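# Here you go, sequence then predicted model.
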Number of protein chains: 2
Amino acid sequence: MNKQAFVSSVLGEFSQTPATEIASAFAPTNIALCKYWGKRDVELNLPVTPSLSLTLPEKGTTTALTVIDKAQDEIVLNGETLANDTPFSRRIVDFLDLFRKASLHFHIDTRNNMPSSAGLASSASGFAALVDALNSLFGWHLEDRQLSLLARLGSGSACRSFWQGFVEWHRGEQADGLDSYAEPISTIWPELRLGVLILDDRVKPIGSRKAMLRCQKTSCYYPAWPDKVDRDLKTLKQAIQSKDFESLAETSENNALAMHALMFTAMPPISYWTPATQEVMQKVWWLRQEGLPVYFTQDAGPNIKLLFEEKHTAALKEHFPQLDVVVPFLQREVDR
Amino acid sequence: MNKQAFVSSVLGEFSQTPATEIASAFAPTNIALCKYWGKRDVELNLPVTPSLSLTLPEKGTTTALTVIDKAQDEIVLNGETLANDTPFSRRIVDFLDLFRKASLHFHIDTRNNMPSSAGLASSASGFAALVDALNSLFGWHLEDRQLSLLARLGSGSACRSFWQGFVEWHRGEQADGLDSYAEPISTIWPELRLGVLILDDRVKPIGSRKAMLRCQKTSCYYPAWPDKVDRDLKTLKQAIQSKDFESLAETSENNALAMHALMFTAMPPISYWTPATQEVMQKVWWLRQEGLPVYFTQDAGPNIKLLFEEKHTAALKEHFPQLDVVVPFLQREVDR
């Protein structure tokens, strides 16, 4: 099935006429505690495994779409107008083409409040915000599940960015991909903290899409990855239910390391680790030995996200002065 | 089977009376291109998999044994007298006890010309030199295979340190361990170079014996390791036969990374990587992208060994001024 056919399956008959001239949306980014690494369908972004994430409520992307009377789109990323032939622009334009008549063009103003392309999942929040803005602009009134399915088409992890807290992306079994969407897990965990350490915001050496395909094809450990994910997902869901911090954080760290192990063993090898990354990891392991319960997770970029509990915030700020502490379960989200 | 019974199986009736008052031996260290990582019998040091190494002809250990008229052994390591209760001393004494009457004691003078306990396999050359010295001292006139079997009992990788060039340690199938010894591969490869980068000679955080057992027990990827080794061993032996440098070096690097991946995914995680290690790896990958065929291998320590061909020596000395270039196939070995 191609993308266009998938969109029709999700939306049925859908309006391609704007209901309003301008629409905007914010979507938060999410950090996978059990990683998405591998596609069973490249065209439809169908994953080899399920995955589980934690949303960072205030970090993400705001995207505004304005209908313009021009022959092509105008794309502004973080205040800078992009040429239409950059990979970023082409990805956005191709995605928009799935939903509009050829004559319709937009001014797209998209802003991340986290660095782009540095493993902080800006493509997750980016495509979620874009889908949300399209939903408003065309007046589709879609349900969460439909938004999730459409965002997945732009970037796999984007399907998890429509909710606060813990979110599970179901692998799905169908070839048409209609059962591969995300859903929130209802548990609220106000004491949980995620600390972001921006170690290096340079653009990463290889995109995660290319990296995961190379791992699938060449890593000697990839065949063991799906079972690993199944076990970790089960452990994580139990840990969430019982609010067992050690189990949640230890499993998350081990899952992230298992993903990076797939990259190191790919041929040629892939590494998102820098000397600075390595230094932080060593420090985390050392702090843990010293009795401070802190763990990390890392995505396809050099930055590290620490997992810890509220009561250890001061100690961690002391060891990592540049730590940006995120409260995943904000009070207003609890009341939502 | 215990160690004592194993020694009897290997040696049969053997003299425990010194044939001479003093004996000494040098044994070279070896660097595994296909790693030994996991024991199927901890007592007898029987490996889960076969392995394959390259000997560094001039780096190793010289050990002299002198019969002394004292109540206990005297152990001198690199010129420094050790207390008898250090882990190193106890390991040597326990090993010697397998071969002597209780009343016999030695002055043991052992010197490494590479840093101890830094992943440069000083225990490999150490136990090989010790077995060789015992063989002379007691006048056993053992065959290579017997020396290899006995050295294995002291340190698994020591069984590979009795030959120059490429050496294969057979896994063996028997429970008694008598078929798990090393043998040389006859190919001579004069153009091959191995460059040692000593990045950090501090004692490693966790011994390799403990590290490999933890990997066996806890790494999600350990079940995939034996098949990985079988494939790599086959590829390496073909590469040696056809002198295919790229295949040899690429497989060696990937095998080393696969071993370190087992460590990162162990619980708790184990890392022999330091920021400096990581920096060298990145540089090697970058040089390769720039067209310089250089690969690395790394053991249970932070140091890196580069694999390259003679013709690129000058270029590599320029990029790594501290590189200690080893010529594995010395002319006199070729003529041996």
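Noted; the coordinates are in hand.
# Can you get me a residue count around whichever residue of the stretch 51-200 of chain A sits closest to chain B?
Of all residues in the stretch 51-200 of chain A, the one sitting closest to chain B is residue A:199 (11.5 Å; C-beta to the nearest C-beta). Every C-beta, even on glycine, is put in place using the N, C-alpha and C of the backbone. Residue A:199 is flanked by 20 other residues according to other C-beta atoms under 10 Å in any protein chain shown.
# Now do the same for the nearest residue to it once chain neighbours are set aside: its pLDDT.
Leaving aside its sequence neighbours, residue A:199 sits nearest to residue A:276 (C-beta to C-beta, 6 or more residues apart in numbering or on different chains; 4.4 Å). Note for residue A:276: predicted pLDDT of 90.
# do the same with the one 5 residues further on
Per-residue pLDDT puts residue A:281 at 95.
# In a helix, it, correct?
Yes. Counting by DSSP: H, G, I helix; E, B strand; the rest coil, residue A:281 is part of a helix.
# From chain B, how far off is it?
Separation of residue A:281 from chain B (C-beta to the nearest C-beta, to the nearest Å) stands at 7 Å.
# Over to residue A:303?
Relative to chain B, and taking C-beta to the nearest C-beta, residue A:303 is found at 15 Å.
# next one: residue A:209
Per C-beta to the nearest C-beta, residue A:209 is found 20 Å from chain B.
# so where does that residue fall, helix or strand?
For residue A:209, the host element (DSSP states H and E) is helix A:208-218.
# Would you map out the domains in chain A?
Domain segmentation of chain A under automatic domain parsing yields A:3-184, A:192-334.
# Of all these, which one is nearest residue B:150?
For residue B:150, the closest of the domains of chain A is domain A:192-334, at 33.4 Å, according to C-beta to C-beta.
# Could you list which residues are in contact with the residue lying farthest from the centre of chain A?
No residue in chain A sits farther from the centre than residue A:69, which is 32.8 Å out by C-alpha atoms, centre = their mean. Listed by C-beta atoms under 8 Å, 6 or more residues apart in numbering or on different chains, the contact partners of residue A:69 are residue A:105.
# do the same with residue A:47
Contacts of residue A:47 (C-beta under 8 Å, 6+ apart): A:36, A:38, A:39, A:40, A:156, A:169, A:171, A:180.
# I figured the residue of the stretch 51-200 of chain A closest to chain B was touching residue A:274, is that so?
Yes. Using C-beta atoms under 8 Å, residue A:199 is in contact with residue A:274, at 6.6 Å.
# and for these two, which residues touch both?
Joint contacts of residue A:199 and residue A:274 (C-beta under 8 Å, 6+ apart) are residue A:302.
# quick one on the thing from earlier: Serialize the domains of chain A to JSON lines and add fields for distance to residue B:188.
Formatted as JSON lines, the domains of chain A follow (distance: least, C-beta to C-beta, whole Å):
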{"stretch": "domain A:3-184", "distance to residue B:188": "43"}
{"stretch": "domain A:192-334", "distance to residue B:188": "28"}
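# Tell me the secondary structure at the residue nearest to residue A:199.
On the three-state scheme (three-state DSSP), residue A:276 is labelled helix.
# residues touching it, list them.
Contacts for residue A:276 (C-beta under 8 Å, 6+ apart) come out as A:199, A:200, A:302, B:275.
# same for the helix holding residue A:209, what does it pack against?
Applying 3 or more C-beta pairs under 8 Å, 6 or more residues apart in numbering or on different chains; DSSP states H and E, one finds that helix A:208-218 contacts strand A:39-41, helix A:245-264.
# before we move on, back to that, shouldn't the residue of the stretch 51-200 of chain A closest to chain B be within a helix?
No. Read with three-state DSSP, residue A:199 is coil and lies in no helix.
# Which pLDDT does the model give it?
pLDDT, read off for residue A:199, is 86.
# got a list of what it touches?
Going by C-beta under 8 Å, 6+ apart, residue A:199 touches A:274, A:276, A:277, A:280, A:302, A:303, A:304.
# Spatially, which residue comes closest to the first one, not counting chain neighbours?
I take that to be residue A:274. residue A:302 (4.6 Å).
# for the contacts of residue A:276, which one is nearest residue B:77?
Comparing the contacts of residue A:276 against residue B:77 with C-beta to C-beta places residue B:275 closest, at 29.3 Å.
# wait, doesn't that closest one sit right on residue A:273?
No. Using C-beta under 8 Å, residue B:275 is not in contact with residue A:273, being 9.7 Å away.
# Looking at the two, which has the bigger crowd around it?
When neighbours are counted by other C-beta under 10 Å, residue B:275 and residue A:273 differ, and residue A:273 comes out ahead with 22 against 19.
# The more buried one and chain B, how far apart?
Counting by C-beta to the nearest C-beta, the gap from residue A:273 to chain B is 6 Å.
# Check the secondary structure at that residue for me.
Put simply, residue A:273 is coil when judged by three-state DSSP.
# List the buried residues of the helix holding residue A:209.
Neighbour-count burial for helix A:208-218 flags A:208, A:211, A:212, A:214, A:215, A:216, A:218 (criterion: 16 or more other C-beta atoms under 10 Å in any protein chain shown).
# How about the contacts made by the last one?
Residues counted as contacts of residue A:218 (C-beta under 8 Å, 6+ apart) are A:265, A:266, A:267.
# at 10 Å what do you get?
By C-beta atoms under 10 Å, 6 or more residues apart in numbering or on different chains, the contact list for residue A:218 reads A:262, A:265, A:266, A:267, A:268, A:269, A:270, B:254.
# could I get those as a markdown table with distance to residue A:315 and pLDDT?
Below are those laid out as a markdown table (distance: C-beta to C-beta, whole Å; pLDDT from 0 to 100):
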| residue | distance to residue A:315 | pLDDT |
| --- | --- | --- |
| A:262 | 33 | 98 |
| A:265 | 35 | 98 |
| A:266 | 37 | 98 |
| A:267 | 41 | 97 |
| A:268 | 40 | 97 |
| A:269 | 35 | 97 |
| A:270 | 34 | 96 |
| B:254 | 40 | 98 |
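# and the residues you listed as CSV, adding neighbour count and distance to residue A:328?
Formatted as CSV, the contacts of residue A:218 follow (neighbours: other C-beta atoms under 10 Å in any protein chain shown; distance: C-beta to C-beta, whole Å):
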residue, neighbour count, distance to residue A:328
A:262, 28, 26
A:265, 26, 32
A:266, 25, 31
A:267, 16, 37
A:268, 13, 36
A:269, 19, 33
A:270, 25, 29
B:254, 24, 38
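# Mind listing the shared neighbours of residue B:275 and residue A:273?
By C-beta under 10 Å, 6+ apart, residue B:275 and residue A:273 have these common neighbours: A:280, A:281.
# need the residues of the stretch 101-250 of chain A near chain B, please.
Within the stretch 101-250 of chain A, the positions near chain B by C-beta under 10 Å from any C-beta of the partner chain are A:205, A:218-225, A:227-229, A:231-232, A:250.
# Mind checking which of those are buried?
Among these, those that count as buried by neighbour count (16+ other C-beta under 10 Å) are A:218, A:219, A:220, A:221, A:222, A:224, A:225, A:228, A:229, A:232, A:250.
# Can you report phi and psi for residue A:46?
Dihedral pair for residue A:46: phi -90, psi 130, per degrees, to the nearest 10.
# and if you look at the one 10 residues further on?
The phi and psi values for residue A:56, taken as degrees, to the nearest 10, are phi -100, psi 100.
# partner residues bridging it?
Beta-bridge pairing of residue A:56 under DSSP bridges involves residue A:29.
# Surely it is in contact with residue A:114?
Yes. Residue A:56 lies in contact with residue A:114 (C-beta atoms under 10 Å); the separation is 8.2 Å.
# So between the two, which is more surrounded?
Between residue A:56 and residue A:114, residue A:56 has the larger neighbour count (other C-beta under 10 Å), namely 24 against 19.
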